[in-house]
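Asks: Sequence first, then the predicted structure, then my questions.
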Amino acid sequence: GENVEQHPSTLSVQEGDSAVIKCTYSDSASNYFPWYKQELGKGPQLIIDIRSNVGEKKDQRIAVTLNKTAKHFSLHITETQPEDSAVYFCAASETGNQFYFGTGTSLTVIP
Amino acid sequence: KAGVTQTPRYLIKTRGQQVTLSCSPISGHRSVSWYQQTPGQGLQFLFEYFSETQRNKGNFPGRFSGRQFSNSRSEMNVSTLELGDSALYLCASSLGGNGYEQYFGPGTRLTVT
């Protein structure tokens, strides 16, 4: 089955700086890559996603890049704010009905 | 549009008992997936239902089962609870078909004593 690795496991940045989280996947058949943000006591929230026919996608301060050849994808958050502090998960899916998740990155934005 | 709802939010059970968790998907969503989240193992896929049929199953023992009703609501059952079943159980819904975007509920925190 698919194996998704995520790095780093923890990340601290100063407010206003950028944060980058990276994931690799093993199954070349995976074609959908969502990112989730999970705040304490809540379920994961879909924040951005990308499909394998696209190399980059942006939504305001958040962007995701995908390198199909290298089988890795990254989340970029610019101009970080304290409310960005949360645990972020990447995931991969081939069919859209079974997802494999990374182990999560705990992001702390220091005011 | 209302989000994914899960009941109950918190549950305490004793080892050996069984438990049923409920999930109501977003209106119009026909696919419901269940995940177990623990600090050590992260988010692990349990199973996925679409139109009342289990389409996919993760690597969990048979003590974990589920079902989906005609209104797309889903239930998950764990029999003969073990201490290691203590976790946050998350339900996620999606349109199914070509709709890949999956939306999670707040989860049910199960504690087994």
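Replies: Thanks, I have the structure now. Numbering: from 1, shown residues only, chains lettered A, B, ... in the order given.

Asks: Show me what counts as buried in the helix or strand where residue B:75 lies.
Replies: Per DSSP states H and E, residue B:75 falls inside strand B:74-78. By 16 or more other CB atoms under 10 Å in any protein chain shown, the buried positions in strand B:74-78 come out as B:74-76, B:78. For the C-beta atoms, the positions are set from N, CA and C on the backbone; glycine is no exception.

Asks: for stretch B:58-74, same thing?
Replies: Residues of stretch B:58-74 classed as buried by neighbour count (16+ other CB under 10 Å): B:58, B:60, B:64-68, B:72-74.

Asks: Pick the one among these closest to chain A.
Replies: Taking CB to the nearest CB as the measure, chain A lies nearest residue B:58 of the buried residues of stretch B:58-74, at 7.9 Å.

Asks: which residue sits closest to the closest one, ignoring its sequence neighbours?
Replies: If the residues on either side of it in the chain are set aside, residue B:58 comes closest to residue B:45, at 4.0 Å by CB to CB, 6 or more residues apart in numbering or on different chains.

Asks: tell me the contacts of that neighbour?
Replies: Under the criterion of CB atoms under 8 Å, 6 or more residues apart in numbering or on different chains, the contact partners of residue B:45 comprise A:98-100, B:33-35, B:56, B:58.

Asks: Any chance of JSON lines for these, columns pLDDT?
Replies: Shown next, in JSON lines, are the contacts of residue B:45 (pLDDT from 0 to 100):
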{"residue": "A:98", "pLDDT": "86"}
{"residue": "A:99", "pLDDT": "90"}
{"residue": "A:100", "pLDDT": "92"}
{"residue": "B:33", "pLDDT": "94"}
{"residue": "B:34", "pLDDT": "97"}
{"residue": "B:35", "pLDDT": "96"}
{"residue": "B:56", "pLDDT": "88"}
{"residue": "B:58", "pLDDT": "91"}
